[in-house]
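> build the 3D model from these lines:
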Amino acid sequence: MKSLHIIAFILLIVGGLNWLLVGIFQWDIGNLLGGMDTAISRVVYILVGLAAIYEIFSHKRSCKHCETAATPPPAM
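Got it, this is the predicted structure:
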C-alpha cells in the first residue's frame, strides 16, 4: 500500500503543478501530450483524478506521518 500511496501522491503533485501553470500562464501540461483529445492526455487526467479520490479515502490510514501528527500526546 505504501507504493500506491507514493504513486498517488506524485500524481497529485503533477495535477497541482498543472493547475498552477494553467492559473499563472494559461498553459496546460495536456498540450504537451497532444491536447485534451488525445488518449494519453485523457489517461493522465483520469489517473490524477483517481489518485485524488484514493488519497481522500486512504490518506489517514497509509500516511504514518499524518497518523502520528493527528494522535494527541499522552495525558500526564
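> least confident secondary structure element in the protein?
One helix or strand of the chain scores below all others by mean pLDDT, DSSP states H and E: helix 64-70, with a mean of 60.
> and the residue nearest the centre of the chain?
Leu12 (1.6 Å; CA atoms, centre = their mean).
> start and end of stretch 27-44, how far apart?
16 Å (CA to CA, to the nearest Å).
> pull out the buried positions in it.
Neighbour counts over stretch 27-44 (16 or more other CB atoms under 10 Å) mark 28-30, 33, 41, 44 as buried. All C-beta atoms are positioned from the backbone trio N, CA, C, and that covers glycine.
> sitting in helices, which of those residues do you find?
Here DSSP state H is the test, and those give 41, 44 as lying in helices.
> tabulate the buried residues of stretch 27-44 (TSV), appending pLDDT and distance to Lys60.
Below are the buried residues of stretch 27-44 laid out as TSV (pLDDT from 0 to 100; distance: CB to CB, whole Å):
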residue	pLDDT	distance to Lys60
Asp28	81	32
Ile29	80	29
Gly30	77	31
Leu33	75	33
Ser41	81	31
Val44	85	26
